[in-house]
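> A predicted structure for the sequence below; I have some questions about it.
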Amino acid sequence: MKIRVFDNPADAGIYAASLTERVVETTPTPVLGLATGSTTPPLYDALVSMEQYGLDLSEAVTINLDEYIGLSANHEQSYHHFMNHHLFSRLRKAPKEIHIPDGTAADLNEECHRYDSIIRKNPIDLQILGIGKNGHIGFNEPDDLLVLNTHVVNLSSDTIQANSRFFDSVDEVPRQALTMGVQAILQAKKIVLMAFGTEKSDIIAKVVHSPVRTELPATILQLHRDVTFVLDRDSASKLDMNSLLLSRS
Ligand code: GLP
């Protein structure tokens, strides 16, 4: 696991965008696993800027991690809307395929199978992740077990509370979501997890220093051979840098 700490989210976003550019430039049809949340906009801002200097995402396939159940694509808090607003509508040349789970599908199990077949056909080259304060990745919540495939998840009260800041009231936050499972995440060739702010410092320290356990879903990233944590000084503030340096030597 590599850990890169930046002065601020904007610089971190530029670094994550340059990792993305490297994948895009070295892969004929790059498959990018994308994430939502308040952490990823600095990455999307940087990708939009880099397009002016030659970055071309038009051969890319994008596959988003998750979507709320019951929110239509044009709902302001849907992840469809988020991605259009922060990335897709700002690009001069859109990716050639954009995939986001459909949280309004009549048959949600069928939608999960459909999404898994998209992932099987398009193995993910680079997976971007945020992290919930409870350690969730995508919407894979802390539990006794982690689900491998795309599935319907009941959101934890912590997540509903945390995400209520985007809604008028906590009652409006959907109680369920569709999320990619941990298998698709772990099968990505490269993973970049972004986290900013002191409110993420506890979870980042736990995820880096604790043993792998399903109550802290992001700890499974310790099993992956190419993971980079892209942090700002605040989210990195509780890491034990000495032990990290020792474990590297
Ligand atoms: C949501 C998303 C996650 C995201 C997490 C953190 O619940 N499903 O993919 O990583 O929140 O969000 P934020 O970046 O706003 O802290």
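Happy to help now that I have it. Numbering: from 1, shown residues only.
> which residues sit in contact with the closest residue in space to Ser156 that isn't next to it in sequence?
The shortest distance from Ser156 to any non-neighbouring residue, by CB to CB, 6 or more residues apart in numbering, is to Glu141 (4.8 Å). C-beta here means a position set from N, CA and C on the backbone, and glycine is covered the same way. Glu141 is in contact with Gly132, Asn134, Val153, Asn154, Leu155, Ser156, Thr159, Pro217, counting by CB atoms under 8 Å, 6 or more residues apart in numbering.
> and the ligand, which of those reach it?
Gly132, Thr159 (CB under 6 Å from any ligand atom).
> quick one: which of the contacts of Glu141 is nearest to Leu47?
Gly132 (23.2 Å; CB to CB).
> From the contacts of Glu141, list the buried ones, please.
Neighbour counting with 16 or more other CB atoms under 10 Å marks Gly132, Asn134, Val153, Leu155, Ser156, Thr159, Pro217 as buried within these.
> With distance to Val173, pLDDT and secondary structure as added columns, please give those residues in CSV.
Output for the buried ones among the contacts of Glu141, formatted as CSV (distance: CB to CB, whole Å; pLDDT from 0 to 100; DSSP: H, G, I helix; E, B strand; the rest coil):
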residue, distance to Val173, pLDDT, secondary structure
Gly132, 13, 96, coil
Asn134, 15, 96, coil
Val153, 13, 97, strand
Leu155, 8, 94, coil
Ser156, 11, 92, coil
Thr159, 8, 92, helix
Pro217, 20, 98, helix
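> from these, which single one is nearest Met1?
Nearest to Met1 among these, with distances taken as CB to CB, is Pro217, at 15.3 Å.
> ok, so of the buried ones among the contacts of Glu141, who is nearest Arg225?
Pro217 (18.5 Å).
> so how far is Asp171 from Val192?
According to CB to CB, to the nearest Å, Val192 stands 34 Å off from Asp171.
> When these two are compared, which one has more neighbours?
Set Val192 next to Asp171 and count neighbours by other CB atoms under 10 Å: Val192 wins out with 24 against 9.
> show me the contacts for the more buried one.
Ala16, Leu19, Thr20, Leu126, Gln127, Ile128, Leu129, Val227, Thr228, Val230.
> Understood, closing this out.
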